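Colleague: For reference, the sequence and a predicted model appear below.
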Amino acid sequence: MKMDAGLVEHRREISGVVNGKVVKKKKVRRRSSSSSSSSSSTTMKKELPSFTLQQLYSYCKNVFKGPGIVPPPQDVQKSLQHTGLYALLPHYFSLAHCLVPEDFGLSRDLPFFKTESCVKGNPRVTYTTVYKCRDFSLVLFFLPASAVIPLHNHPEMTVFNKLLLGKMHIKAYDWDDSVDVDCSEKSSSRRLAKLKANSVFTSPCNTSVLYPTTGGNIHEFTAITPCAVLDVLGPPYSKEDGRDYADETLAEVKDSEYSFRWLEEIEMPENSEMDGIEYLGPKII
């Protein structure tokens, strides 16, 4: 959904993206046409390319080879060393120290990130696509306080997840087929998953790498404060290729022993729909 100057109606408030920055537009009285003309003619500052964002793009080009091809961990590490993006490598700087909000034209001083009071009802999540091709995509998500991205899967996808701003609770699972279950459970639509993470994260923090079967590929985000999250998806969601986000929403239906849960595929809740806006931040060249 593309809107003029990146503006999008967000419930009763109007959110916008100006040069990639999330701002809140205050309601003002209508002024004379001359004043409006003067205001609209203001020149927007041109965003310069981000070196780190450009490095991330090059890194993704090296690692992601298309649908059905999962990058081996050793290739991920080699590419990270080659580009200087050392995610999850113990003896190097992590990607958390390379990627910062400013690489996407964001700042913690923006009004959106200073409003920590919870929005009444079910606040909607906003997203913007930084870059997308057949092999991978870079997507930013903006969550108001108390907003939730429900439990969802990333089938045959490798995901780099980075909390750029804010504080959020993350719950993550991986499918677990190693445990014997009774016939009634096997015949149902339920599937056993093992809890991998159930913690609160505060930016800046390390980047998470999720593989198709390990690392917490099934996860749920709950914003404690307003948050900005970067997802690098390889390959991206694609309805034509059987990776439709709407078909991968899950729900916890039954507790099991220890850290296991039964999960079941459900239709995406109506209150979980997101608003898409145009990305106006630093471009990839």
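Modeller: Sure thing, it's come through. Numbers count the residues shown, from 1 in each chain.
Colleague: So in the protein, where's the weakest helix or strand by average pLDDT?
Modeller: strand 7-10 (a mean of 35; mean pLDDT, DSSP states H and E).
Colleague: pretty sure residue 134 is in a helix, no?
Modeller: No. Judged by DSSP: H, G, I helix; E, B strand; the rest coil, residue 134 forms no part of a helix; its state is coil.
Colleague: and it, how many residues sit next to it?
Modeller: For residue 134, the neighbour count with other C-beta atoms under 10 Å is 12. Quick note: C-beta positions are derived from backbone N, CA and C, even for glycine.
Colleague: So for it, what pLDDT did the model give?
Modeller: Residue 134 carries a pLDDT value of 92.
Colleague: Residue 148: neighbouring residues, count only.
Modeller: Residue 148 sits with 18 neighbouring residues when counted by other C-beta under 10 Å.
Colleague: Let me know the pLDDT of it.
Modeller: Residue 148 is assigned 93 on the pLDDT scale.
Colleague: Tell me the spacing between the closest residue to it other than its chain neighbours and residue 172.
Modeller: Nearest in space to residue 148, with sequence neighbours left out and distances taken as C-beta to C-beta, 6 or more residues apart in numbering, is residue 222 at 5.0 Å. To residue 172, residue 222 is 12 Å away according to C-beta to C-beta, to the nearest Å.
Colleague: Compare the two (neighbour count), which wins?
Modeller: residue 172 (22 against 17).
Colleague: quick one: which helix or strand includes that one?
Modeller: Assigned by DSSP states H and E, residue 172 belongs to strand 167-175.
Colleague: Could I get the full set of helices for the protein?
Modeller: Taking DSSP state H to define them, one finds helices in the chain at 33-40, 51-63, 73-83, 111-114, 183-187.
Colleague: Could you give the average pLDDT over the longest strand seen in the chain?
Modeller: If you go by DSSP state E, the chain has its longest strand at strand 190-202. Confidence for strand 190-202, expressed as mean pLDDT, is 90.
Colleague: Identify the residues contacting that strand?
Modeller: Residues outside strand 190-202 that contact it (C-beta atoms under 8 Å, 6 or more residues apart in numbering) are 163, 166-177, 179, 181, 185, 215-216, 218-219, 224, 253-254, 256, 259-264.
Colleague: how close does residue 170 get to residue 151?
Modeller: 11 Å.
Colleague: which neighbours do the two share?
Modeller: Joint contacts of residue 170 and residue 151 (C-beta under 8 Å, 6+ apart) are 219, 220.
Colleague: before we move on, back to that, just the buried residues from the contacts of strand 190-202, in ChimeraX please.
Modeller: Selection command for ChimeraX covering only the buried members of these, criterion 16 or more other C-beta atoms under 10 Å:
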select :163,166,167,168,170,171,172,173,174,175,176,215,216,218,219,224,256,260,261,262,263
